[in-house]
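Novice: Sharing a sequence plus its predicted fold:
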Number of protein chains: 2
Amino acid sequence: MTIDYGTIAAGGAVVALLYSLFLFVTVRRQDPGNAKMVEIATAVKVGANAFLRREYTVIAPVTVIISVLIFVFIDIPLKTGGATAVGFLLGAVLSAMAGYVGMAATLRTSSRTAQAARKGLGPALSLAFKGGGVMGMAVVGFGLLGVSLFYLAYESVIVTTPAVIAGLGFGASLIAMFMRVSGGIYTKAADVGADLVGKAEVGIPEDDPRNPAVIADNVGDNVGDCAGMGADVYESFVVTSIAALILAALITGSALKDPTKFGSLTSLITSNQLLTYPLLLGASGIVGSILGGFYIRKSIKKGPMGALNIALIISAVIAIAIDAVITLNIFPGSELGYGFLASAAVGVVVVVVIEKVADYFTSYNYKPVKFIAEASQTGAATNFLAGFSTGLQSTAPSAVVLVLAIMVSYFIGYYASGENVLFGVYSTAVATMAELSLTGIIMSIDSFGPITDNANGIVEMAGLESGVREVTDELDAVGNTTKATTKAFAVMSAALAAVAIFFAFQSEVNNQIAGSASLLAKYGLLPGETLTFALSDPRVIVGLFIGSLLPFYFSSFLIQAVGRAAIKMVNEVRRQFKEIPGIMEGTAKPDYAKCVDISTTAALRELAKPALLAVATPLLVGFVLGPLALGGLLIGAVVTGVFLAFTMTNSGAAWDNAKKYIETGALGGKGTPTHAAAVMGDTVGDPFKDTAGPAINSLIKVLNTISIVFISAIVLYALFV
Amino acid sequence: MTIDYGTIAAGGAVVALLYSLFLFVTVRRQDPGNAKMVEIATAVKVGANAFLRREYTVIAPVTVIISVLIFVFIDIPLKTGGATAVGFLLGAVLSAMAGYVGMAATLRTSSRTAQAARKGLGPALSLAFKGGGVMGMAVVGFGLLGVSLFYLAYESVIVTTPAVIAGLGFGASLIAMFMRVSGGIYTKAADVGADLVGKAEVGIPEDDPRNPAVIADNVGDNVGDCAGMGADVYESFVVTSIAALILAALITGSALKDPTKFGSLTSLITSNQLLTYPLLLGASGIVGSILGGFYIRKSIKKGPMGALNIALIISAVIAIAIDAVITLNIFPGSELGYGFLASAAVGVVVVVVIEKVADYFTSYNYKPVKFIAEASQTGAATNFLAGFSTGLQSTAPSAVVLVLAIMVSYFIGYYASGENVLFGVYSTAVATMAELSLTGIIMSIDSFGPITDNANGIVEMAGLESGVREVTDELDAVGNTTKATTKAFAVMSAALAAVAIFFAFQSEVNNQIAGSASLLAKYGLLPGETLTFALSDPRVIVGLFIGSLLPFYFSSFLIQAVGRAAIKMVNEVRRQFKEIPGIMEGTAKPDYAKCVDISTTAALRELAKPALLAVATPLLVGFVLGPLALGGLLIGAVVTGVFLAFTMTNSGAAWDNAKKYIETGALGGKGTPTHAAAVMGDTVGDPFKDTAGPAINSLIKVLNTISIVFISAIVLYALFV
């Protein structure tokens, strides 16, 4: 019996999920701390679960309605046997699960990490990392499971109608966007509200139990940084995989139609190697991530960031080694094999490099964050300008990495295939897939951030001994940087995948037009001619402008939502301090539930506008201005979105760590006007780094996937073409 | 004797310059106020002139070196008789003059406006507007003079080698960028530094003579808002004109080569109508601007903003009427004539609409600014978030206007010419030229802003009676909005012109390649094939990414420069307050010169990096990655730059007016924590709206013009194509 590569990939997914379960059990066995700590952790858990339940209740009917629409308007006309709608539902459900499972793990790890911190940095780091691993492995496991199940179920449909694959990605990214946006608004409304009164006005420390918004703040860390981030990175993995799959299906489909087209490569293509190769790359990263993660148990000699870095590099090296075995087996003795292996290596190297870039711009060991801290000496305004300009500046090295990755991977595939453009783009998708294959370890490193953030809260609220706070504080600062890394990682994958997806989009448009005389006439083409997405066409330019607008406009909704909700929160917290006597003395308990409610309501109500913008704009542009403008929109959104996202996530993390740097005692330390200015900067950075910035990634992917799902209808019914 | 249309246009330019001179003389005749006021105005004048002299000393050798390089590497190989180098020098010198003359007028108007304000709002408004008119008319006069002189001198060269026209634009935009960047850094370093200590720490009002940075601040308003803005809008006019001219020359040149190509339109084209038409449109706006300006003298019944609005609308209506006469005379009885007239109307309407958009987002009569003011009640952080998100939000209506203007004007020209693409793009250039023809009135309305700002300073420093300050304060708030309008106006023109310029760029590239067998081989083309700037080409995508990066990275330099210089200024002001006894009591004079020196040094030193970025990147991308990537870069920079510029200029003006709104007594008025938070927001907005935001406009235009100037060498020597 021979085993299909698709089955191997699904097996890899199961391994990841089992390992996630194993880590979960390990974490649960640890000491959850004293009664006070358990009580706090339970309060946070109850709030977080309640929010997710309410959110899923809102999302579920929307998801069902969209899947019915897709079934009726896409699957029935295309005769796909419901593949798009099923993919959409599968992607959506797994997205919700990835978020939920990740959050379940971090909720249970934080009090245990606080407890472990009483024993020192090593045990705390190791436990937080394991808790992060539950989420990391679950995310990559669900991602790979969804893609490989879909592949196994619809292998034949995929080859004839590649666009069906996009349904899976659309489901994944739509739910991820919902969770990112609502989680982001929730967490930052609470965080900003808590900080503005607590730290800036009343002068009590972060996470002080006297602050009425403190439970809402901790719930927010879980629903935003954990559930939101989990769903987001899951969809990055899925969308990257489907970008590679769609390209592979396009190549395979056209080779089946015209076996002479690809010359000596034909046999390779028609036996589905190109389709399964990206899935196997994804699986290889899982093994690398598990093995690299072992390093964290042994030693923290180099400090937490150093240890995490080494774990990442070990994972990367192992992944490349496994990639080599896989690649040279699938494409034996061909230039293409060596080419793809080189592209995969490019993708892995990208991860390591962007990790360094994010570290440089957001860690207080380097100049940029120190510059922001120093700028705080002259007040909040100079702090703000320093932070924002640091974010703007961080776009340059990120752009260089991105541009090099695209060029190198494309030309490797192009020349290795004898100058075939499709293989060039596929090669870029291979690099992206190799990048995303490290999701497991990257997410483990990332989720470690919110876990220690929450642990920090529990240490403060439970009033643990002072040395403990120092341990969790140090880990928290590292967590800020690792969170920035993951966001850069997700955004970079969006940019790389967008190139592949745009190409798939263009091919789908032209395949459809070429097959119909009436469509050729509609688009003013002669048989054999294709629609070119040229910059000299005003529709393409207009599409580029509209696409470039979207990240700006989308961000404005999110930041305003946080601002509005934070103002409500501030007023509520101020009211409680004024009207409930004894809060400051610790003799009366604040009304935590009221603050939780403000965040919850705001998060769900403010979701509608940005979600509608993301879904309606591409459909409107497509159906009114046609596929040329829609193609421009897709590229416009990514070229702008990437840099706006980098600006916001990096400046946000840099502000946060500038504040933490001062809190280590630098420049006068806590209680100085310098520190107060830095707290202001941190507050402004909160919605940048945890709401608007990372949501741009989901926005780009929703735009990409929805456009491909609806492409056949758009080509058919577009008004002005 | 028949008079050439080019001569008529030059005549229009002379009229504008004479009218500017007339206004200048009128303004000088007014009462400059008491001895104290004259003393202050003189101190500011001396500082501003000293700065401009030092700046020109730095710029002059750079300009000469570049013109020699252009002569050797462009003009000699292309045998143009030095047209590009001469154009470059002409554009550069007129740019410097536009800045200088505008500043000379505002320097002389401010003390007189302060004096007029003692008589009431009407006289102050009328005088400030006249002072602004000196600059407005000078800017449009120099712009049209440069373009028409160049046209008259090189008419024949233009038709054979359209790229030579870009030399004029490159000279204009390079100097404008220098002046924008250095002026912007100067003014905001002083302003931020003065405000942070003066208002936020010591609690003295703006423009208080006890503040050591107050003279530097007032000098800054002149070198930034007047000299910088004058050079900037001048280059907008020039670059827009040359975009139209290049397109006209391309069409004319190809009609001369192949008279059958344009069918019945050929005779029209070959008699140079297309070349002179944009110049006449420019001249028509001058007449409209002069006549519309008369309205301001008569009445201010509707409040200053209302009066300025009516003046603008009168100018617009008159301009359209004259456009109608011109257009129907040049293109008699043809569909093309009606089409171009419609496009010109689109351009004029754009001005009126973006003026409304800027007004809505930046005036305190509407919701956005009130929202920012209310957000200040919960501190500086919520104020920052509200202001920034308002800026982001303002991009959407601006984008809609832009997209509609492009689509409508393009398709009018396309269909009116019998579906000719070149005429479609030319029609977009006609709309842009019609927009820019209103430069005279727009600049008059704008320069009114810095004049009243400075008048405000003189009122405060000279200790005039309290009612006067209220008059100048009201005018100052209106000035903030009108300044935002002009920036939107300039940015919108950059976006519209970029479409035309990209098309010219692409045509130049393909004309050059088509004429050479070795170039066809180099670019892998068969005879008859052309290079397509398609989104599916990785070089184009990479170019788009690099182009999109530029506005972000460029802005980071400018904001950091302001931040660094402001910190130095703050420390110096703090030092003087501490070390010079009696400053606060008014018994000792602060050391103004020291602060002037800090701004001057910073402005000139910090100029190098952003200028190098703007000049080196397109050359590097062009010569290394080839014309495809460079084309992508041009479009990438504009689609991102436009929205980043709108975000920054509108949020900056909105922050400023939110502060002014509170100062009218709203939400508790001056001296409250709400006001303090709003002052912080205003401080952050300063470099957004007066340094980085408007400089993006120059950046886009430098990228556009340098690329066309060097296109022949790039096509020839590009490494990887």
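Specialist: Arrived safely. Numbers count the residues shown, from 1 in each chain, chains lettered A, B, ... in the order given.

Novice: so where's the stretch 1-150 of chain A shaky on pLDDT?
Specialist: Within the stretch 1-150 of chain A, the segments meeting pLDDT under 70 span A:1-3.

Novice: burial count for the residue of it found nearest chain B?
Specialist: As assessed by Cβ to the nearest Cβ, chain B sits closest to residue A:51 within the stretch 1-150 of chain A, at 22.4 Å. From N, CA and C alone the C-beta is placed, and that goes for glycine too. Per other Cβ atoms under 10 Å in any protein chain shown, the neighbour tally for residue A:51 reads 25.

Novice: is chain B contacted by whichever strand or helix holds residue A:703?
Specialist: Element membership of residue A:703 [criterion: DSSP states H and E] is helix A:693-709. No: counting by Cβ under 8 Å from any Cβ of the partner chain, chain B has no neighbours in helix A:693-709; the shortest distance is 11.8 Å.

Novice: Please name the nearest non-neighbouring residue to residue A:330.
Specialist: residue A:273 (5.2 Å; Cβ to Cβ, 6 or more residues apart in numbering or on different chains).

Novice: Can you give me the distance of the one you found to chain B?
Specialist: 23 Å (Cβ to the nearest Cβ, to the nearest Å).

Novice: Tell me if I'm right that that residue and residue A:332 touch.
Specialist: No: contact between residue A:273 and residue A:332 fails when scored by Cβ atoms under 8 Å: they sit 10.4 Å apart.

Novice: out of these two, which sits in the busier spot?
Specialist: residue A:273 (18 against 9).

Novice: Can you check the pLDDT for that one?
Specialist: Looking at residue A:273, its pLDDT is 85.

Novice: Provide a list of residues in contact with it.
Specialist: A:5, A:330-331 (Cβ atoms under 8 Å, 6 or more residues apart in numbering or on different chains).

Novice: Now the residue of chain A most remote from its centre: closest residue in space that isn't a chain neighbour?
Specialist: Going by Cα atoms, centre = their mean, the residue of chain A most distant from its centre is residue A:581, 43.3 Å out. Among residues not flanking residue A:581 along the chain, residue A:588 sits closest, at 6.5 Å (Cβ to Cβ, 6+ apart).

Novice: Confirm that neighbour sits in a helix?
Specialist: No: Residue A:588 is assigned coil when assessed by DSSP: H, G, I helix; E, B strand; the rest coil, not a helix.

Novice: Next one: it from residue A:212, what distance?
Specialist: Residue A:588 is 11 Å from residue A:212, where distance means Cβ to Cβ, to the nearest Å.

Novice: With residue A:126 instead?
Specialist: From residue A:126 to residue A:212 the distance is 34 Å (Cβ to Cβ).

Novice: cool, residue A:619 as well?
Specialist: Residue A:619 sits 43 Å away from residue A:212, going by Cβ to Cβ.

Novice: just residue A:134 next, same as before
Specialist: 31 Å.

Novice: elements contacting the host helix or strand of residue A:596?
Specialist: Assigned by DSSP H and E, residue A:596 falls within helix A:592-605. The helices and strands touching helix A:592-605, judged by 3 or more Cβ pairs under 8 Å, 6 or more residues apart in numbering or on different chains; DSSP states H and E, are helix A:35-70, helix A:165-195, helix A:214-220, helix A:538-579.

Novice: ranking those helices by burial, who's on top?
Specialist: helix A:165-195 (a mean of 32; mean count of other Cβ atoms under 10 Å in any protein chain shown).

Novice: Tell me if it is near chain B.
Specialist: Yes: looking at helix A:165-195 against chain B by Cβ under 8 Å from any Cβ, the contacts come from residue A:192.

Novice: Would you map the helices across the stretch 301-450 of chain A?
Specialist: A:303-330, A:335-362, A:367-375, A:380-393, A:395-416, A:421-436, A:439-461 (DSSP state H, counting those that start in this stretch).

Novice: next helix or strand past the last one?
Specialist: So the one you mean is helix A:439-461. Counting by DSSP H and E, what follows helix A:439-461 is helix A:466-514.

Novice: How far does that following helix sit from its chain's centre?
Specialist: 5 Å (Cα atoms, centre = their mean, to the nearest Å).

Novice: how about it, does it get close to chain B?
Specialist: Yes: interface with chain B: helix A:466-514 contributes A:495, A:499, A:502-503, A:506 (Cβ under 8 Å from any Cβ).

Novice: what's the angle between that helix and helix A:303-330?
Specialist: Going by axes from the mean of the first three to the mean of the last three Cα atoms, to 10 degrees, helix A:466-514 is angled at 30 degrees with respect to helix A:303-330.

Novice: Export the helix or strand just after helix A:466-514 to PDB, keeping only CA atoms.
Specialist: Downstream of helix A:466-514, the first helix or strand assigned by DSSP H and E is helix A:517-522. Presented in PDB, the C-alpha positions along helix A:517-522 are these (Å, rounded to 0.1, in the frame of the first residue of the first chain):
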ATOM      1  CA  ALA A 517     -16.700  33.900 -26.900                       C
ATOM      2  CA  SER A 518     -19.100  36.300 -25.300                       C
ATOM      3  CA  LEU A 519     -16.700  37.100 -22.500                       C
ATOM      4  CA  LEU A 520     -13.900  37.800 -25.000                       C
ATOM      5  CA  ALA A 521     -16.300  40.200 -26.700                       C
ATOM      6  CA  LYS A 522     -17.300  41.800 -23.400                       C
END
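
Novice: As PDB, could you dump the C-alpha coordinates of stretch A:117-125?
Specialist: Backbone C-alpha positions of stretch A:117-125 (Å, rounded to 0.1, in the frame of the first residue of the first chain) are rendered in PDB as follows:
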ATOM      1  CA  ALA A 117       8.100  32.600  38.900                       C
ATOM      2  CA  ARG A 118       8.400  32.300  42.700                       C
ATOM      3  CA  LYS A 119      11.100  29.700  41.900                       C
ATOM      4  CA  GLY A 120      13.000  31.900  39.500                       C
ATOM      5  CA  LEU A 121      13.300  32.900  35.900                       C
ATOM      6  CA  GLY A 122      14.100  29.500  34.400                       C
ATOM      7  CA  PRO A 123      11.000  27.600  35.600                       C
ATOM      8  CA  ALA A 124       8.700  30.500  34.700                       C
ATOM      9  CA  LEU A 125      10.200  30.800  31.200                       C
END
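
Novice: I'd like the distance between residue A:339 and residue A:253.
Specialist: To residue A:253, residue A:339 is 22 Å away according to Cβ to Cβ.

Novice: Compare neighbour counts for these two and give me the winner.
Specialist: residue A:339 (24 against 19).

Novice: quick one: contacts for the more buried one?
Specialist: A:412-413, A:415-417, A:427.

Novice: are any of those buried, and which?
Specialist: A:412-413, A:416-417, A:427 (16 or more other Cβ atoms under 10 Å in any protein chain shown).

Novice: Redo those residues as a markdown table? Include distance to chain B and pLDDT.
Specialist: Shown next, in a markdown table, are these (distance: Cβ to the nearest Cβ, whole Å; pLDDT from 0 to 100):
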| residue | distance to chain B | pLDDT |
| --- | --- | --- |
| A:412 | 11 | 95 |
| A:413 | 10 | 93 |
| A:416 | 15 | 91 |
| A:417 | 14 | 88 |
| A:427 | 10 | 95 |
